[in-house]
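Peer 1: sequence unknown, structure follows:
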């Protein structure tokens, strides 16, 4: 994955009630460390909580409202390819996000060295984690959704029979424990 030459990273703290509306020429990805805020665009409306991210796409107008005082990590970048598939970016492995934020804070406080390359690599790490989670969890979720649909159909069609959890587990080809 090749990211553009233009890349900026900063840590921000907001205590106020409202951000200014935002419309940028670069993409901005924000990772929330603490607090939360709401985001509204023409396409969506959602709340960003700790260890979640939001993508502000270039040339789209956004309104943001602080709900709780927020500390966030802002990455500004230019890219011709779409790096995130959703504006609201969530992660399954929160411990890894916490570790990445800790590293970002450590390299940002080093006044003697230009750490922009390291910050860019940590951003790429966040991006890779999100893409892997999307591929893995979407595939496994679809598989489990199919099993859930199947078992619900089976229960509906056999509603007048005596059904045990063990029988239902057998029909989905799962162990009793996996089924629970």
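Peer 2: Cool, got the structure. Quantities reported herein were computed from a predicted structural model and do not represent experimental measurements.
Peer 1: give me the number of residues near residue 82?
Peer 2: Counted with other Cβ atoms under 10 Å, residues neighbouring residue 82 total 9. From N, CA and C alone the C-beta is placed, and that goes for glycine too.
Peer 1: that's a strand at it, yeah?
Peer 2: No - read with DSSP: H, G, I helix; E, B strand; the rest coil, residue 82 is coil and lies in no strand.
Peer 1: let's see the pLDDT reported for it.
Peer 2: pLDDT for residue 82: 81.
Peer 1: and for residue 123?
Peer 2: On the pLDDT scale, residue 123 gets 86.
Peer 1: residue 31 too?
Peer 2: Model confidence at residue 31 (pLDDT) stands at 91.
Peer 1: swap in the one 3 residues further on?
Peer 2: The predicted local distance difference test score for residue 34 is 90.
Peer 1: ok, it touching residue 71?
Peer 2: Yes - contact criterion Cβ atoms under 8 Å: residue 34 and residue 71 qualify, at 4.8 Å.
Peer 1: measure the residue nearest in space to the middle of the chain to residue 122 for me?
Peer 2: The centroid of the chain falls nearest to residue 90 when counting by Cα atoms, centre = their mean (2.0 Å). In this view, residue 90 and residue 122 are 18 Å apart by Cβ to Cβ, to the nearest Å.
Peer 1: wouldn't the residue nearest to the centre of the chain be in contact with residue 52 here?
Peer 2: Yes - the criterion here is Cβ under 8 Å, and residue 90 meets it with residue 52 at 5.2 Å.
Peer 1: give the burial count for residue 73, as a bare number.
Peer 2: Using other Cβ under 10 Å: residue 73 sits among 23 other residues.
Peer 1: and for residue 37?
Peer 2: Residue 37, neighbours per other Cβ under 10 Å, totals 21.
Peer 1: phi and psi next, for the spatially closest residue to it that is not a sequence neighbour.
Peer 2: Spatial nearest neighbour of residue 37, chain neighbours left out: residue 66 (4.7 Å); criterion: Cβ to Cβ, 6 or more residues apart in numbering. Here is the backbone geometry of residue 66 (degrees, to the nearest 10): phi -80, psi 130.
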